[in-house]
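> Mind looking at a prediction? Sequence and model below.
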Amino acid sequence: MNRVVITGLGAVTPLGNDVPSFWEGLVAGRCGIGAITKFDTADHKATLAAEVKDFDPKLYMDKSEITRSDLFTQYAMAAACQAMDDSGISGTIAPERMGVYFGAGIGGISTFMTEHAKLLEKGPRRVSPLFIPMLIANIASGSIAIRYNCRGPAMPAVTACASGGNAIGEAMRMIRHGYADAMITGGSEATINALAVAGFSNMQALTTANDPAAASLPFDARRAGFVMGEGSGALILEEYNHAVARGAKIYAELSGYGCTCDAYHITAPQPDAEGGTRAITDSLRESGYTGSERIYINAHGTGTPYNDRAETIAIKKALGAEKAMATPISSTKSMTGHMLGAAGAIEAIAAILALRDGILPPTIGLECPDPECDLDYVPLTARKTDCDLALSVSLGFGGHNVCLAFKKI
């Protein structure tokens, strides 16, 4: 099978709108959470979110493209453009050998709200003819493919909070098995609006905390729900020999991918974490893991009571208790909030940069450890630690479990 490496990265996040500012924010332990500014929260239980700040789509799209696209597509295009520029791959590959797999958990929900309001207030004739193409979850991958003339496979991954991770893993398989030489992949989400926040709040998934510093609390005994985030992460995956032949900068090798389903419940994780355990062990097996490698895990770590407990169980089962206790783990959602369909992509980037730089981002706010979450979650401040393997875990509603494994090259 072909080896797959990462040669480009792009990011739009609550900590910054490019990879350097995002990474600097993570290492500094900066909190990207604040009061919601996108709508009036007076009647809402949840009033905090991790919003993208100062985003300018005109840096990446012309005016007509912007008016024809939902914000989630704009975020996706921005991250993809950054990743393509970073990779330098343009002009080195046949269009038929490059594809796009880009995830989104929900798609254009803000467009849905806008057009539904028009329907109710002004009638069906006033609904935009662009409503459907702006709404559908595959339009980010399609738009990116059009921009870069990618005529290979182009699809979304729509697996809730695992969407970004699934997109990357499935893109890897396309290259591994010879269907493409390079893929633009990642995830995007833009759901900080009144409807989505109300829906997540009413299912008791969101925290009602008012203090940004004590809101997103993965693995902490005080955790009471996640904080919604938004943004996009993009990666360029490339067949190893193709990358070497053109002298590409290589961040890391994507060496393993585990993908399972709990088949248990639409929102709750399996109590024994069997599905999550298999996703982690599958990714390690594909990576040729021997047991001696130094591992860092970027956890899904949502800050919900059930997720963090189940994920801890999965890590212990996958690595064995002794190895698990010696493995540093962190949840960058403590700083970015939960970016939903973009989370897996952004957290994969965090794992890659941790591996590259030997710096592990912290789990900020972790001041009251939960006795049931008793592993090393790199609390409060970043840590200098060299690792051989970095894992990124993503778990989604519907029981979707993903683990990506990256190693130095």
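Received the coordinates, thanks.
> make it CA atoms for all contacts and neighbour counts henceforth
Will do.
> what ranges do the strands span in the stretch 201-350 of the chain?
231-239, 252-261, 295-298, 329-330 (DSSP state E, counting those that start in this stretch).
> angle of the first one against strand 252-261?
Read it as strand 231-239. Inter-element angle recorded for strand 231-239 and strand 252-261: 110 degrees (by axes from the mean of the first three to the mean of the last three CA atoms, to 10 degrees).
> Quick check: neighbours of strand 231-239 in the sheet, parallel or antiparallel?
Next to strand 231-239 in the sheet, as set by DSSP bridges, lie strand 4-12 (antiparallel), strand 182-189 (antiparallel).
> C-terminal to the first one, what's the next element?
So the one you mean is strand 4-12. Under the assignment DSSP states H and E, the closest C-terminal helix or strand after strand 4-12 is helix 19-28.
> and whatever helix or strand comes next after that following helix, how far from the chain's centre?
Where DSSP H and E defines the elements, the next helix or strand beyond helix 19-28 is strand 34-35. Taking CA atoms, centre = their mean, to the nearest Å, one finds strand 34-35 lying 21 Å from the centre of the chain it belongs to.
> Repeat that for stretch 391-408.
10 Å.
> mind checking the end-to-end distance for it?
12 Å (CA to CA, to the nearest Å).
> try stretch 327-336
First residue to last in stretch 327-336 (CA to CA) measures 22 Å.
> buried sites along the helix ranked longest in the chain?
Ranked by number of residues, the top helix in the chain under DSSP state H is helix 71-87. Neighbour-count burial for helix 71-87, counted by 16 or more other CA atoms under 10 Å, picks out 71-84, 86-87.
> Only the C-alpha atoms, please, for the following helix or strand past it, written as PDB.
Using DSSP H and E, the helix or strand that follows helix 71-87 towards the C-terminus is strand 98-103. Taking C-alpha atoms only, strand 98-103 is exported to PDB below (Å, rounded to 0.1, in the frame of the first residue of the first chain):
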ATOM      1  CA  MET A  98      -6.400  14.800  -6.900                       C
ATOM      2  CA  GLY A  99      -9.600  14.700  -4.900                       C
ATOM      3  CA  VAL A 100     -11.400  16.400  -2.100                       C
ATOM      4  CA  TYR A 101     -13.000  14.800   1.000                       C
ATOM      5  CA  PHE A 102     -14.300  17.500   3.400                       C
ATOM      6  CA  GLY A 103     -16.500  17.000   6.400                       C
END
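> Tell me which other helices or strands strand 98-103 touches.
Applying 3 or more CA pairs under 8 Å, 6 or more residues apart in numbering; DSSP states H and E, one finds that strand 98-103 contacts helix 139-148, strand 154-157, helix 163-176, strand 182-189.
> what does stretch 108-125 contact?
The contact list for stretch 108-125 (CA atoms under 8 Å, 6 or more residues apart in numbering) reads 70-73, 126-128, 131, 134-137, 190-191, 193, 195-196.
> Filter those residues down to the ones in helices?
Going by DSSP H, the helices hold 71-73, 131, 134-135, 195-196 from the contacts of stretch 108-125.
> Mean neighbour count, the strands of the stretch 201-350 of the chain: which tops it?
strand 231-239 (a mean of 32; mean count of other CA atoms under 10 Å).
> tell me the mean pLDDT for it?
Strand 231-239 carries an average pLDDT of 98.
> now the stretch 1-150 of the chain, which segments are flagged as low pLDDT?
Nowhere does the stretch 1-150 of the chain drop to pLDDT under 70.
> ok, the closest residue to residue 393 other than its chain neighbours to residue 112 distance?
In this structure, residue 393 finds its nearest non-sequential neighbour in residue 403, 4.5 Å apart by CA to CA, 6 or more residues apart in numbering. Separation of residue 403 from residue 112 (CA to CA) stands at 32 Å.
> The residue nearest to residue 208 when sequence neighbours are not counted: what's it in contact with?
Residue nearest to residue 208 in three dimensions, not counting chain neighbours: residue 46, with 4.7 Å by CA to CA, 6+ apart. The contact partners of residue 46, by CA under 8 Å, 6+ apart, come to 197-198, 201, 206-209.
> sorry, back to before: tell me which of the strands of the stretch 201-350 of the chain sits nearest to residue 396.
The minimum distance between residue 396 and the strands of the stretch 201-350 of the chain falls on strand 252-261, with 9.4 Å, by CA to CA.
> Give me the residues contacting the closest one.
Contacts for strand 252-261 (CA under 8 Å, 6+ apart): 3-7, 166, 169, 172, 275-276, 278-287, 352, 356, 398-409.
> Stretch 359-367 too?
Outside stretch 359-367, the residues that touch it by CA under 8 Å, 6+ apart are 26-27, 29, 31, 213-214, 216-220, 296, 330-335, 350, 353-354, 377-386.
> Just the buried ones out of those, please.
The neighbour-count criterion (16+ other CA under 10 Å) marks 26-27, 29, 31, 213-214, 216-220, 296, 330-335, 350, 353-354, 377-383, 386 among those as buried.
> what about residue 347, neighbour count?
Residues lying near residue 347 (other CA atoms under 10 Å) number 27.
> For it, list the residues it contacts.
Neighbour list for residue 347: 298, 332, 392 [criterion: CA under 8 Å, 6+ apart].
> and the closest residue to the second one other than its chain neighbours, how many residues sit next to it?
What that stands for is residue 332. Among residues not flanking residue 332 along the chain, residue 363 sits closest, at 6.2 Å (CA to CA, 6+ apart). Using other CA under 10 Å, the number of residues around residue 363 comes to 30.
> Residue 263 too?
So residue 263, with other CA under 10 Å, has 12 neighbours.
> What of residue 123?
Residues lying near residue 123 (other CA under 10 Å) number 11.
> Tell me the confidence at residue 409?
If you check residue 409, the pLDDT there is 88.
> what's the spacing between it and residue 79?
Taking CA to CA as the measure, residue 409 and residue 79 are separated by 24 Å.
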